[in-house]
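Visitor: Have a look; sequence and predicted model below, questions after that.
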Amino acid sequence: MELNLNGKIAIVTGASRGIGAAIARNLAGEGVRLVLVARTSDHLESLAATLPTDCLVQALDLRDPQVPAAVISAALTRFGRIDILVNNAGATRRGDFLALPDEDWADGFALKFFGAMRCCRAAWPHLVACQGAIVNIIGVGGRMGNADFTIGGSVNSALINLTKSLADRGVQEGVRINAINPGSIRTDRLQIRIRSFAQQHGLDETQAAVELAKIQGVTRFGTSDEIARAVTFLVSPQASYINGAILDVDGGQTRAL
């Protein structure tokens, strides 16, 4: 399928590893020029060096309220326009609700929700000018309550609502905004959980991954590339009639309507 993305300009946050790096690689493979954003300069530079496209590295912390606008400004200075924004940055702390302090709640919202919101706000006029697209990488926890995921679930739910609300505006102004809810994806964080499960139950890591997947009601865990391919499709003209969609890429884990 020809996606017609060659020459487009995309900002990808949380791009240094895992899902974000996979998104960057997939977009680069379609000829997209990239603004790569994360806190770790070394990882970003290493990724940029492997990509067959023009990249601008922005090693910045999106929790700082001034940074999202600075990223947008840098993108415009380098490339002159913005066609695509992928909000992928952000992780939240799990744990006992009664033991999680206000600081963990504030940190969870600061990066994943407010970072994405501020990037959307700063990029919006430029996306309108180019009739561009946004994809928010959120997570299935926004649709299913979990006692150990109160911060992440709350942040994810807020981002789902923001996605729907901006899609409503986008209908009038020509910007498409969709979201992807990944399930359990084989990133470094999941690998740590698999290793711990293996040690607790006397399994090798391959067996542990199979057993953990069964507990979650899926046949296997997903890969970062599977999320990335969905993003690349959603930002392309081939998905021009998709707006305000919340796509669960989770192997069937989410049973909710």
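Guide: Yep, it's here. Residues are numbered from 1 along each chain as shown.

Visitor: What values do phi and psi take at the most centrally placed residue in the chain?
Guide: The structure's the chain has its C-alpha centroid closest to N88; by CA atoms, centre = their mean the separation is 2.4 Å. With angles defined as degrees, to the nearest 10, N88 sits at phi -120, psi -10.

Visitor: hang on, isn't it packed against I23?
Guide: Yes: using CB atoms under 8 Å, N88 is in contact with I23, at 6.4 Å. Bear in mind the C-beta positions are built from the backbone N, C-alpha and C, glycine included.

Visitor: quick one: common contacting residues for the two?
Guide: 12, 15, 137 (CB atoms under 8 Å, 6 or more residues apart in numbering).

Visitor: Mean pLDDT per helix and strand in this protein: which one sits at the bottom?
Guide: helix 188-201 (a mean of 87; mean pLDDT, DSSP states H and E).

Visitor: ranges for the helices of the protein?
Guide: 18-29, 41-50, 67-79, 102-108, 116-130, 150-173, 188-201, 205-215, 224-234 (DSSP state H).

Visitor: Let's have those helices in a markdown table, adding distance to M144 and mean neighbour count.
Guide: Output for the helices of the chain, formatted as a markdown table (distance: least, CB to CB, whole Å; neighbours: other CB atoms under 10 Å):
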| stretch | distance to M144 | mean neighbour count |
| --- | --- | --- |
| helix 18-29 | 19 | 24 |
| helix 41-50 | 31 | 15 |
| helix 67-79 | 29 | 18 |
| helix 102-108 | 17 | 14 |
| helix 116-130 | 20 | 19 |
| helix 150-173 | 8 | 18 |
| helix 188-201 | 17 | 13 |
| helix 205-215 | 14 | 15 |
| helix 224-234 | 18 | 21 |
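
Visitor: and the ones you listed as a markdown table, adding distance to K8?
Guide: Conversion of the helices of the chain to a markdown table gives the following (distance: least, CB to CB, whole Å):
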| stretch | distance to K8 |
| --- | --- |
| helix 18-29 | 8 |
| helix 41-50 | 17 |
| helix 67-79 | 10 |
| helix 102-108 | 31 |
| helix 116-130 | 9 |
| helix 150-173 | 17 |
| helix 188-201 | 29 |
| helix 205-215 | 35 |
| helix 224-234 | 11 |
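
Visitor: Which of these sits closest to L56?
Guide: Each of those has some distance to L56 by CB to CB; the shortest is helix 67-79, at 4.8 Å.

Visitor: rewinding a little: for the least confident helix or strand of the chain, packing partners?
Guide: In this structure, helix 188-201 makes packing contacts with helix 205-215, judged by 3 or more CB pairs under 8 Å, 6 or more residues apart in numbering; DSSP states H and E.

Visitor: What pLDDT is listed against the residue of the chain most remote from its centre?
Guide: Distance from the centre of the chain peaks at G202, with 33.6 Å (CA atoms, centre = their mean). Per-residue pLDDT puts G202 at 90.

Visitor: go on, T206?
Guide: In this prediction, T206 carries a pLDDT score of 91.

Visitor: what do you get for Q253?
Guide: pLDDT, Q253: 91.

Visitor: ok, now S41?
Guide: On pLDDT, S41 comes in at 95.

Visitor: how close does the residue farthest from the centre of the chain sit to R195?
Guide: Distance, G202 to R195, using CB to CB, to the nearest Å: 13 Å.

Visitor: What of V32?
Guide: On the measure of CB to CB, V32 and R195 end up 34 Å apart.

Visitor: ditto for L44
Guide: Note on L44: its distance to R195, by CB to CB, is 26 Å.

Visitor: again with A21
Guide: Distance of A21 to R195, computed by CB to CB: 21 Å.

Visitor: And for S157?
Guide: Using CB to CB, S157 is found at 30 Å from R195.

Visitor: what's around P52, how many residues?
Guide: Close neighbours of P52, defined as other CB atoms under 10 Å, add up to 9.
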